Structures are given as C-alpha cells and as structure tokens.
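*Asks:* Fold the following and give me the result.
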Amino acid sequence: MKVAVIGAGAGGLAAVKTCLEGSLSPECFEQKDGPGGVWNYLPTPVEGQPSVIWSTVANISKEAYCFSDFPVPDNFPNFLHHTKVIEYMKLYAEKFDLERYIRYRSEVTEISQTEDFKTTGQWTVKVKDIVTGVETQKVFDAVLVCNGNHSKPLVPQVERSSEFEGRQMHCHAYRSTRGFEGQRVVVVGFSNTAAEIAVELSHVCSQVYVSTRDGNWSVTRTIDGGLPFNYVLVRRCYDALPRFIKNRMMAYKINSIFDHSLYGVKPRHPPDRQQGFVCDGLHQLIASDRIIVKPGVSHLTKTGVTFVDGTVEENIDVIIYATGYCMDRSFVKHPSYEVRDGNESNLYKFVFAPDVKPQTMAIIGNVKPVYTVIPVIELQGRWAVEIFKRNKSLPSEDQMMKAIRKRRQDIRTRYFNSPRNTTFVEYIDYMDEIAEEIGCKPNWMGLLLSDPRLAISVFFGECIPSHYRLRGPGAWPKARETILTNKSRIVKAFQIHQKQPPDHDRSPLSWFLIAGLALLTAYLVYCKF
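*Replies:* Residues are numbered from 1 along each chain as shown. You can find the predicted model right below:
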C-alpha cells in the first residue's frame, strides 16, 4: 500500500515511521528544506510556512515533548531551544532511516479522489517542486495529512484599523526584536506566543502593552523547587479527581506562582475551561511596568489604540496580533474535510470523515491538546495505519456522526465560545481514547498484580508518551525502563554542566499525589468489600 504523507513535522515523521513498521510504502512531501515543521526556523516569513521565532524554547519538558519510543538524549536540557528540537527530530529521522522517504521543497497543491475511488480508495496527489515550479501527480492508496494547524494566520477585524498610521502585523511575521528598539508596541492576545513576544520585546522597547479580552491562566516552566511543571501536574492520579477538585487545586498551584487577580489577568473561567499558557518572567515584567496589561481593543486611531474600558494609549508604533491561526486543508478537494468557520470539522475523533468510504485518508494534528502535542499526533498516526491495514475498524457512519455531535456539544459546554477552543482535548483523556482504539491503553490496574512498581509509576508519576508503548501494537521493550527512570533523567539534565552533582533532596509528595493515593485506597477498599 502506497501512502502519501503531507508534511515532515513531528506528525509526518512519526507517520512515515509507523507506515514502515506496518509494511506500508510511505512518500512524504515537505515544503521546507528539512524536517521539523513549525520548529524549522525561517529567518524570513513565508506564506503558508509556519515558523518559530528565534528565541523559542519548548514549553513542555523533554520527557513529555518527545516520541513514545525515542526519548530525548540525556545530554539535552530539560527544555529545548528550537535548534535542539530540530536536532532531536533529525536524530529520530536518522535512527529510523526516514529521510529517504521525504521529498523536500515539495508543495502539495491538490488531493482528490480517483474516478474509481469507491472500489480502490485511491487518491490523486498533485505536487509542485518549489525550486523548479514543475508540477507532477501520483496516485496513492492512502493519505495522511500532517500539515499542522499554524499555516493560515487568523487576523481579527478591528474597528477603524485602516486609520492607524503605524505598523500592523500578525505574529506569523515576527522573528526577533530587531527593528523594534525604542518603540511602543501593543501585543493583542494573551497566549503562549503573545506572552513570548511581549516578554522578549520588553527588553528593547520603550513600552509594551498586552491586550486581553478575558485574561488567561499562566504557569512558569518550572515550579515546586525548579522541577518542570508538567512533571508535577500531569499525572493520572490528578486527572482521576473530580473536576471541581482539580480546578481548585490547579488554581491554587497556579496562583502560588503569582496571584492572577492581583496582576489583573485572572480569567472568568476555571483552569480547565480554556487553554492556559507557559511563560517565564511575565509577572515580574508586569510588576515593573515593562509590560502593561490592557483590556480588549475597541478601535484604532491614527496614532493610538482605544480599549474597551475607554482608556487610550497614544503614540503606538506597532500592533502585533498574536491571535492564533485557522486550520487550512484547502488542498484537499473533498467537502467532508473542509474547515468551517470556527475551525470546526466533521471528523470522528478529529481524524476520520464518517461519510468517506473506504477510509483511506486521516487528518493528523487537527487537535489542540491541553498539554503536549507530539505524543498525540504520533498516536493518531498509529491508529490511522491500523485502520488502513484493516487491523481495526471504525463504527458506522451514523455512530460516528453521533459521536461528533456529542463531542462538539461537550466542547461548547466545557469551554467558552471561541474558534481557538473548538478542537481542544484533554491530554490524558484523549490519549487514552485513541489508545483504546489501537489496543495500547495502559492498564495500570492490571499492572498492580503483575508489576506493582510500574503500576505506581504509571498512576502516580508523570504521564509520559512511553505509557502508550507498554502493550498492544507497537509495544516497545524499553517502555518500562523509560517510565521508571523518568525522574532520574530530569535530574540528570539539570546536572549536565556541573562537575560534581549536588545532593538532590527528594521533595515530599505533593498534596495532589496524596489525594490520588487516598482515591486509589478508597477504590481498592470498595472493590474488596
């Protein structure tokens, strides 16, 4: 079976590897000149090709921001600069000999069903060589669309924006502080990218303002004595607690870093009803007025910005819209894969179109997990290959549409109404959901009998990608060792440049671990009696 893979970012690389493991024949098409997708830095903005900014560092530590059967090397820091992310992805491609299957500088311009699709399930893929401009087409038995969701900037409609005489730009075009020295800048938005740009610009601009309509929850990369926040917070024992308890605990933990009400950025919603962000140093810069938080933008004037509370900031040089992206699959010429207003699509578990038969196309990365993305898109690709090979099957069209409507309603009920929220998924819940389809969901209760030490690590430890390599298709012999040595690798990364490793005081169990232990104990007692 010949499979076209669109994009050579993390999702595309994992898809190529999974195809090879399933004895399929992949051919990957990538617009850039190397792997990595959005992490492959472009010094000059190119339409349709997303890129990190030069200073970007991963928000999630390396133990979670990795492929499930290829941990980041021990000599890499816990949080990777984008150059280290690319280095890691190249090591992954080299380890599994993936690059021979990738055609760089190749833009997929159109994907359409063949005339005999109903019997063959085949797709015609048109590809343009970006260097020569020559367009060719090939027929494939299946397609994995892994082009990500950062290619089409979402620019808000701001009243009287045409009157503004300064510069307006989307964060897609931002690369560094060069050219912003001494200027007064308004950053519209309050998420990862907005905060990252605002913090960086605050060191060279005369003044930076951040405009946010609703506020947001923010956490620093390290908490609790300097450990990665995801190591502390992303655990099954925490996820198993009732939502109202989780929200109270999360708000307490986040506010222990800085009080969001005191700093004027507390949102109206609890932590689990919108996607927060990770940023170091933001609250210190707010405290020193290097960054001033403002409400939403009402309208622009020739030289300034008027906000919804009636305040005005004059002599503004630049407005940067860090307002997200629209998903773009316009090259797929089939209405079932269209992205409607609000970033909504009729895709079962965000991957398969229910009314397309046979199921030979999967959309990878059409989600925004509230945590880390690499393990999610890797798992989606593993599921898709199982479907392509007919090792697994999908429900009926009616059942899939019913599931789509239910999920959409759940999202609208849980999250506040915004195009950014239409594809949100809870990390552990969604990973378990897809893993159950594959047959690789970790069974920690079963492990209590066969391997109690591993069971405790799976339930009480950080939920890392290797949890989904313990069993089922694609099981990895080193998954157990990787899980049990998670903490030691984190500690080792902090000590890379130290001549003599210092004594490491083991911190006591966090309060949420104690709550998880109590929950487990209560469950076991209930089962016994």
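*Asks:* tell me the centre residue of the chain?
*Replies:* Val373 (3.5 Å; CA atoms, centre = their mean).
*Asks:* hang on, it packs against Ala10?
*Replies:* Yes. Using CB atoms under 8 Å, Val373 makes contact with Ala10 at a distance of 7.4 Å. No exception for glycine: its C-beta is placed from N, CA and C like everyone else's.
*Asks:* need the contact list for Thr124.
*Replies:* 110-114, 137-139 (CB atoms under 8 Å, 6 or more residues apart in numbering).
*Asks:* Show me the two of those that sit farthest apart.
*Replies:* Gln113 and Lys138 (14.1 Å; CB to CB).
*Asks:* Comparing those two, which residue is more hemmed in?
*Replies:* Higher neighbour count among Gln113 and Lys138: Gln113, with 17 against 13, using other CB atoms under 10 Å.
*Asks:* pLDDT value on that one, please?
*Replies:* What the model reports for Gln113 is a pLDDT of 97.
*Asks:* Please apply the same query to Glu47.
*Replies:* 85.
*Asks:* just the helices in the stretch 301-450 of the chain please.
*Replies:* Taking DSSP state H, counting those that start in this stretch as the test, the helices found in the stretch 301-450 of the chain are 374-388, 397-414, 427-438, 444-450.
*Asks:* State the distance from Ala378 to Tyr325.
*Replies:* Heads up, residue 378 is Glu, not Ala. Separation of Glu378 from Tyr325 (CB to CB, to the nearest Å): 21 Å.
*Asks:* now do Gly310
*Replies:* Between Gly310 and Tyr325 the distance is 31 Å, computed by CB to CB.
*Asks:* And Ala251, by the same measure?
*Replies:* 28 Å.
*Asks:* Show me which of those two is the more surrounded one.
*Replies:* Set side by side, Ala251 and Tyr325 show more neighbours around Tyr325, with 20 against 16, by other CB under 10 Å.
*Asks:* and the closest residue to that one other than its chain neighbours, what does it touch?
*Replies:* Leaving aside its sequence neighbours, Tyr325 sits nearest to His150 (CB to CB, 6 or more residues apart in numbering; 4.9 Å). Neighbouring residues of His150 by CB under 8 Å, 6+ apart: 38, 50, 172, 325.
*Asks:* Where does His150 sit: helix, strand or coil?
*Replies:* coil (DSSP: H, G, I helix; E, B strand; the rest coil).
*Asks:* Against Thr193, how distant is it?
*Replies:* 10 Å.
*Asks:* go on, Ile464?
*Replies:* Here Ile464 is placed at a distance of 25 Å from Thr193 (CB to CB).
*Asks:* Asp33 too?
*Replies:* Counting by CB to CB - Asp33 and Thr193 are separated by 24 Å.
*Asks:* Between those two, which has more neighbouring residues?
*Replies:* Thr193 (24 against 11).
*Asks:* Which strand or helix spans the more buried one?
*Replies:* helix 192-201 (DSSP states H and E).
*Asks:* Give me the buried positions along that helix.
*Replies:* 192-201 (16 or more other CB atoms under 10 Å).
*Asks:* try stretch 314-334
*Replies:* 316-327, 329, 331-332, 334.
*Asks:* Which ones among those residues lie within strands?
*Replies:* Judged by DSSP state E, the subset of these located in strands is 318-321, 325-326.
*Asks:* And those, which is closest to Pro442?
*Replies:* Closest to Pro442, out of all of these and judged by CB to CB, is Tyr325, at 32.4 Å.
*Asks:* Okay, the closest residue to Thr83 other than its chain neighbours and Ala479: tell me how far apart.
*Replies:* Distance criterion CB to CB, 6+ apart; nearest residue to Thr83, sequence neighbours excluded, is Tyr41 at 7.6 Å. Tyr41 is 32 Å from Ala479, where distance means CB to CB.
*Asks:* repeat for Val356
*Replies:* Applying CB to CB to Val356 and Ala479 gives a distance of 34 Å.
*Asks:* go on, Ile197?
*Replies:* In terms of CB to CB, Ile197 sits 38 Å off from Ala479.
*Asks:* re the thing from before, which of the helices of the stretch 301-450 of the chain sits closest to Ser218?
*Replies:* Each of these has some distance to Ser218 by CB to CB; the shortest is helix 427-438, at 18.0 Å.
*Asks:* can you give me the strands in the stretch 1-150 of the chain?
*Replies:* Taking DSSP state E, counting those that start in this stretch as the test, the strands found in the stretch 1-150 of the chain are 2-6, 25-29, 102-103, 106-113, 123-129, 135-140, 142-145.
*Asks:* buried stuff in the fifth one?
*Replies:* With burial defined by 16+ other CB under 10 Å, the residues of strand 123-129 counted as buried are 123-128.
*Asks:* which two from those residues end up farthest apart in space?
*Replies:* Trp123 and Lys128 (16.7 Å).
*Asks:* Isn't Leu144 up against Ala362?
*Replies:* Yes. Look at Leu144 against Ala362 with CB under 8 Å: they come within range, at 5.5 Å.
*Asks:* quick one: which of those two has more around it?
*Replies:* For Leu144 and Ala362, the more surrounded residue by other CB under 10 Å is Leu144, and the numbers stand at 31 against 25.
*Asks:* for that one, what are its contacts?
*Replies:* Here Leu144 is in contact with 3-6, 12, 15, 19, 26, 361-362, 364, 381, 384 (CB under 8 Å, 6+ apart).
*Asks:* Can you give me the neighbour number for the residue nearest to Arg105 when sequence neighbours are not counted?
*Replies:* If you skip the residues right next to it in sequence, Arg105 has Ile130 as its closest partner in space, 4.4 Å away by CB to CB, 6+ apart. Look at Ile130: counted by other CB under 10 Å, it has 17 neighbours.
*Asks:* Tell me, what's the model's pLDDT at Ile130?
*Replies:* For Ile130, pLDDT reads 96.
*Asks:* that older thread, least confident pick among the ones in strands among the buried residues of stretch 314-334?
*Replies:* Within those, pLDDT is lowest for Cys326, at 82.
*Asks:* Could you check how many residues crowd around the closest residue in space to that residue that isn't next to it in sequence?
*Replies:* Distances taken as CB to CB, 6+ apart place Lys152 nearest to Cys326, at 4.5 Å, with adjacent residues excluded. Neighbour count of Lys152, defined by other CB under 10 Å: 18.
*Asks:* so where do the strands sit in the stretch 401-529 of the chain?
*Replies:* 424-425.
*Asks:* follow-up on the earlier one: let me have the ones in strands among the buried residues of stretch 314-334 in a markdown table, extended by distance to Lys302.
*Replies:* A markdown table is the format used below for these (distance: CB to CB, whole Å):
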| residue | distance to Lys302 |
| --- | --- |
| Val318 | 14 |
| Ile319 | 13 |
| Ile320 | 18 |
| Tyr321 | 19 |
| Tyr325 | 29 |
| Cys326 | 30 |
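*Asks:* Which single one of the residues you listed is nearest to Gly446?
*Replies:* Among these, and counting by CB to CB, the member closest to Gly446 is Tyr325, at 40.8 Å.
*Asks:* I'd guessed the closest one sits against Lys152; true?
*Replies:* Yes. Tyr325 is within contact range of Lys152, at 5.7 Å (criterion: CB under 8 Å).
*Asks:* May I see the buried residues of stretch 275-289?
*Replies:* Quick answer for stretch 275-289 (16+ other CB under 10 Å): 275-280, 282-283, 285-286.
*Asks:* Next: stretch 337-345.
*Replies:* 337, 339, 343-345.
*Asks:* Cys2 and Val143 touch, don't they?
*Replies:* If you look again at residue 2, you'll see it is Lys, not Cys. No. Lys2 is beyond contact range of Val143, at 10.0 Å (criterion: CB under 8 Å).
*Asks:* Compare the two and say which is more crowded by neighbours.
*Replies:* Ranked by neighbour count (other CB under 10 Å), Lys2 and Val143 place Val143 first, with 24 against 16.
*Asks:* Now for the contacts of Thr124, which sits with the most neighbours around it?
*Replies:* Ile111 (23 neighbours).
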